[in-house]
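> sharing a model that was predicted from the sequence below.
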Amino acid sequence: MAAIEMRNIVKEYGDGFKAVNDISLDIADGEFMILVGPSGCGKSTLLRMIVGLEDITSGDMVIGGDRVNEKAPRDRNLSMVFQNYALYPHLTVFENIAFPLRLNKKVSEDEIRRRVKEAADMLELNEHLERKPANLSGGQRQRVAMGRAIVRQVNAFLFDEPLSNLDAKLRGQMRTEISRMQRRLGTTTVYVTHDQTEAMTLGDRVAVLRRGFLQQVASPRELYEQP
Ligand code: ADP
Ligand code: ADP
């Protein structure tokens with residue numbers, strides 16, 4: 001069974017413009033799927049429909065076997081990482097990462113500490129747990145945002161251009177970290193980017209969008225070897 005199944009998904013905005021036009025795509029359990037294409041091709045809209053931040057005009061969104069069209073974002077059990085990190089400025093790194101766990105009253109303090117440490121280890125944040133976001137570098141902030149995403153067990157991670165605010169060197173470094181983290185956790189991942197390098201190095205498969213249509217889906221190697 002696919003982790004995420006999109007069946008004939010359409011997003012039509014008020015003026016009748018179709019930002020997403022009849023897209024069907026299956027994402028396998030544990031797969032790292034890239035959504036790539038030029039600005040305005042509909043990648044963010046599609047991602048936002050997976051998360052539930054945008055209503056679907058027609059079609060079916062199925063996550064973990066459940067049709068989720070009418071489900072609120074919090075009931076879809078997904079973690080999203082945005083390009084602007086959306087950290088809580090008054091909370092420490094520890095509390096920022098712990099935040100999603102604290103929403104679930106059933107998770108004990110010990111369990112919270114264990115999981116935050118584990119995420120912080122993976123992201124090399126253990127030295128910084130007591131600091132506030134304002135005192136961190138851009139790369140560290142992005143790591144905190146990722147820590148918050150991976151601290152829960154979820155159906156999938158969703159990334160919306162998470163590296164676009166970082167400089168080239170840091171981008172390369174974070175690319176490697178994201179790849180390592182995803183392989184270690186084995187969590188299904190959907191990653192939106194307009195960056196060819198990210199598309200070709202991170203994904204198991206790449207879905208190429210153009211003007212709201214799904215143009216092709218292929219492995220990076222297949223895309224690379226295309227004439
Ligand atoms: P991408 O993420 O690939 O840059 P988007 O999904 O943000 O593209 O946008 C796809 C298309 O839908 C664009 O042409 C954009 O202008 C349009 N669009 C996005 N949001 C809205 C909206 N709320 N109302 C009308 N058009 C929108
Ligand atoms: P991105 O480039 O990251 O996809 P945008 O700057 O295109 O972001 O869009 C930012 C916000 O503006 C989104 O919430 C999107 O839905 C909205 N938006 C984008 N295009 C339009 C549009 N043509 N009309 C109304 N809202 C839009």
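Received, thanks. Ligands and ions are numbered 1, 2, ... in the order given.

> doesn't Phe159 belong to a strand?
Yes. Using DSSP: H, G, I helix; E, B strand; the rest coil, the assignment for Phe159 is a strand.

> Provide the contact partners of stretch 216-227 at residue level.
With contact meaning Cβ atoms under 8 Å, 6 or more residues apart in numbering, stretch 216-227 is reached by Leu25, Ala199, Met200, Thr201, Gly203, Asp204, Arg205, Val206, Ala207, Val208. For the C-beta atoms, the positions are set from N, CA and C on the backbone; glycine is no exception.

> how about 7 Å then?
Leu25, Met200, Gly203, Asp204, Arg205, Val206, Ala207, Val208 (Cβ atoms under 7 Å, 6 or more residues apart in numbering).

> pull out the buried residues from it.
For stretch 216-227, a neighbour-count test (16 or more other Cβ atoms under 10 Å) marks Val217, Ala218, Pro220, Leu223 as buried.

> got these as TSV, with secondary structure columns?
Formatted as TSV, those follow (three-state DSSP):
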residue	secondary structure
Val217	strand
Ala218	strand
Pro220	helix
Leu223	helix
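
> circling back: now, which of the contacts of stretch 216-227 lie close to ligand 1?
Here nothing survives when these are matched to ligand 1 using Cβ under 6 Å from any ligand atom.

> skipping adjacent residues, who's closest to Asp167 in space?
Leaving out its chain neighbours, the residue that sits closest to Asp167 by Cβ to Cβ, 6 or more residues apart in numbering is Gly138, at 7.9 Å.

> so what's the residue most central in space within the chain closest to, chain neighbours aside?
With distances taken as Cα atoms, centre = their mean, Leu158 lies nearest the centre of the chain, 1.6 Å away. Nearest residue to Leu158 in three dimensions, chain neighbours excluded: Met80, at 4.4 Å (Cβ to Cβ, 6+ apart).

> can I assume that neighbour sits in a strand?
Yes. Assessed with three-state DSSP, Met80 lies in a strand.

> residue numbers of the chain in contact with ligand 1?
Counting by Cβ under 6 Å from any ligand atom, the chain sits next to ligand 1 at Tyr13, Phe17, Ala19, Gly37, Ser39, Gly40, Cys41, Gly42, Lys43, Ser44, Thr45.

> could you pull out the strands in the chain for me?
4-12, 18-27, 32-36, 58-63, 66-67, 78-81, 156-160, 189-193, 205-210, 213-218 (DSSP state E).

> weakest of these in terms of mean pLDDT?
Lowest mean pLDDT of these: strand 78-81, a mean of 91.

> how close does His90 sit to His128?
Going from His90 to His128 by Cβ to Cβ, to the nearest Å gives 16 Å.

> of these two, give the one with the bigger neighbour count.
His128 (19 against 10; other Cβ atoms under 10 Å).
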